[in-house]
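[1] next one to model:
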Amino acid sequence: QVHLVESGGGSGQAGGSLRLSCEASGFIDSNYCIGWFRQAPGKEREWVGSFSGIGLWGYADSVKGRFTISKDNAKNTLYLQMDDLKPEDTAMYYCASGRGRYCGSDANWSYWGQGTQVTVSL
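    Below is the predicted model:
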């Protein structure tokens, strides 16, 4: 069983930065994906980006060049550095994980954190 806990959400201004963390516990080996999703009110859940067991998988076009995902294996923690924030980045952000080597938006995302809210104002 994989347990994911997000932290670091809050409010920011357009053009500013926020960093989210996702602490993972349980058995995650090189055959697991781990990544970030977000969901804004009234919108479908959106894949933000993810890591495969061997490295970075990729980013959604909407965040490419502004968001950076990194992983600290020693701390079992995934990070989402969000720079040049925009009001449209306002959403609940979720950390997710699942077994598999394909780590795109429609991968086997079996485990989810509780989410952390990010609100960006002008």
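[2] what's near enough to touch residue 86?
    By CB atoms under 8 Å, 6 or more residues apart in numbering, residue 86 lies in contact with 14, 66, 120. Every C-beta, even on glycine, is put in place using the N, C-alpha and C of the backbone.
[3] meant to ask about residue 22
    Residue 22 touches 4, 5, 6, 7, 34, 36, 77, 78, 79, 80, 95, 113, counting by CB under 8 Å, 6+ apart.
[4] who's the most centrally placed residue in the chain bridged to?
    In the chain, the C-alpha nearest the mean C-alpha coordinate belongs to residue 36, at 2.0 Å (CA atoms, centre = their mean). Taking DSSP bridges as the rule, residue 36 bridges to residue 49, residue 95.
[5] what sits against it?
    Here residue 36 is in contact with 20, 22, 47-50, 69, 78, 80, 93-96 (CB under 8 Å, 6+ apart).
[6] can you list those in a markdown table and add distance to residue 57 and pLDDT?
    A markdown table is the format used below for the contacts of residue 36 (distance: CB to CB, whole Å; pLDDT from 0 to 100):
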| residue | distance to residue 57 | pLDDT |
| --- | --- | --- |
| 20 | 17 | 98 |
| 22 | 15 | 97 |
| 47 | 10 | 98 |
| 48 | 11 | 98 |
| 49 | 7 | 98 |
| 50 | 5 | 97 |
| 69 | 9 | 97 |
| 78 | 12 | 95 |
| 80 | 14 | 98 |
| 93 | 17 | 98 |
| 94 | 16 | 98 |
| 95 | 14 | 98 |
| 96 | 12 | 97 |
